[in-house]
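K.L.:
got a predicted structure plus its sequence, pasted below:
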Amino acid sequence: MGRVLEVTELRKQFGGIHAVDGVSFHVDEGEILGIIGPNGCGKSTLFNCILGQLRPSGGEVKLDGRPVTGLYPAALNRLGVSRTFQLLQVFPQLSVRENLILAGQEHQGSMVSRLFGARDAGLTAQANRMIAFFRLEHLADEKAGGLSYGQQKLLDAAMAFMAGPRLVLLDEPAGGVNLTMLASLKERLRAINAELKATFVVIEHNMDFVMSLCSRVLVMAEGRVLATGTPAEVRANPAVVDAYLGH
Ligand SMILES: Nc1ncnc2c1ncn2[C@@H]1O[C@H](COP(=O)(O)OP(=O)(O)OP(=O)(O)O)[C@@H](O)[C@H]1O
């Protein structure tokens, strides 16, 4: 099984704040790794450093064994890395299908379309596959702004998969989603993980969601890794219970 992501001693300082303070972990092909930790422990900064939104102060990020530290998001996109954000990235005035096509164009930097002069370089077909996969057929031609929040979160996740990515980082996919949609989101993420051999890293505050979705969980506290393990191991870890779960 290949190692998709390897993060070694990653650090990010903001002035005197050590937001990420020597974090090391790896993600193997097909894994769903959850990252949890209290507010302000450095989860978003870690994501931003891995994804090229922030330049790390130190440490290394490798994708499929190749150093990618400090590459810009567009370059990482072309290597098959994509993400979602805490805030929805959907365009409310565009339809579900148009949002997906646009996400695909962004992942490709429109290079394929430009090089081959094709109007959509297979993106409509890929969008239709994602629509079917995320069970959005009945909404495909609706404006995204008219969808429920949970449906928009599903669309947002589907957009991250438009490039057939090697690694998807999901930032709070369950945030603000109601229970019914949450079950559907989890079921679809599991299916895409299994069927498309996709590899995920998920930041999430919803503990039940993380513990039931992820194969391994990394717990952060104050910029560092407090523990890693299976959901059961993490739940039983006294340091984790003290620092985080014990309330
Ligand atoms: N651009 C910035 N400038 C200065 N300090 C920052 C910046 N971004 C984050 N920080 C600080 O770095 C620390 C880690 O923040 P970060 O947002 O990564 O935590 P988090 O675990 O993602 O929090 P949350 O769960 O609330 O999203 C915090 O102390 C935060 O105030």
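P.N.:
Ah, there it is.

K.L.:
using CSV, write out every CA atom in stretch 157-177.
P.N.:
Provided in CSV are the C-alpha atoms of stretch 157-177 (Å, rounded to 0.1, in the frame of the first residue of the first chain):
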residue,chain,number,x,y,z
ALA,A,157,-17.5,17.8,-1.4
ALA,A,158,-18.4,16.5,-5.0
MET,A,159,-16.5,19.5,-6.4
ALA,A,160,-13.3,18.5,-4.6
PHE,A,161,-13.5,15.1,-6.5
MET,A,162,-13.9,16.6,-10.0
ALA,A,163,-10.2,16.1,-10.8
GLY,A,164,-10.2,12.4,-9.8
PRO,A,165,-7.8,13.4,-7.0
ARG,A,166,-5.1,11.5,-5.3
LEU,A,167,-5.7,13.2,-2.0
VAL,A,168,-8.7,15.2,-0.7
LEU,A,169,-8.5,17.3,2.4
LEU,A,170,-12.0,18.0,3.8
ASP,A,171,-12.3,20.9,6.2
GLU,A,172,-15.3,20.4,8.5
PRO,A,173,-17.5,18.6,6.0
ALA,A,174,-20.2,18.0,8.6
GLY,A,175,-20.3,21.5,10.0
GLY,A,176,-23.9,22.8,10.2
VAL,A,177,-25.3,19.7,8.4
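
K.L.:
residues of that stretch that come out buried?
P.N.:
Under the neighbour-count criterion of 16 or more other C-beta atoms under 10 Å, stretch 157-177 has 157-163, 165-175, 177 buried. From N, CA and C alone the C-beta is placed, and that goes for glycine too.

K.L.:
longest helix of the protein?
P.N.:
helix 179-195 (DSSP state H).

K.L.:
just the C-alphas of that one, formatted as PDB.
P.N.:
Provided in PDB are the C-alpha atoms of helix 179-195 (Å, rounded to 0.1, in the frame of the first residue of the first chain):
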ATOM      1  CA  LEU A 179     -28.600  14.600  10.900                       C
ATOM      2  CA  THR A 180     -30.300  13.100   7.800                       C
ATOM      3  CA  MET A 181     -27.900  14.800   5.400                       C
ATOM      4  CA  LEU A 182     -25.000  13.900   7.700                       C
ATOM      5  CA  ALA A 183     -25.800  10.200   7.300                       C
ATOM      6  CA  SER A 184     -25.900  10.700   3.500                       C
ATOM      7  CA  LEU A 185     -22.700  12.600   3.400                       C
ATOM      8  CA  LYS A 186     -20.900   9.900   5.500                       C
ATOM      9  CA  GLU A 187     -22.300   7.100   3.400                       C
ATOM     10  CA  ARG A 188     -21.200   8.900   0.100                       C
ATOM     11  CA  LEU A 189     -17.700   9.700   1.500                       C
ATOM     12  CA  ARG A 190     -17.300   6.000   2.500                       C
ATOM     13  CA  ALA A 191     -18.400   4.900  -0.900                       C
ATOM     14  CA  ILE A 192     -16.100   7.200  -2.800                       C
ATOM     15  CA  ASN A 193     -13.300   6.100  -0.600                       C
ATOM     16  CA  ALA A 194     -14.000   2.400  -1.300                       C
ATOM     17  CA  GLU A 195     -15.000   2.600  -5.000                       C
END
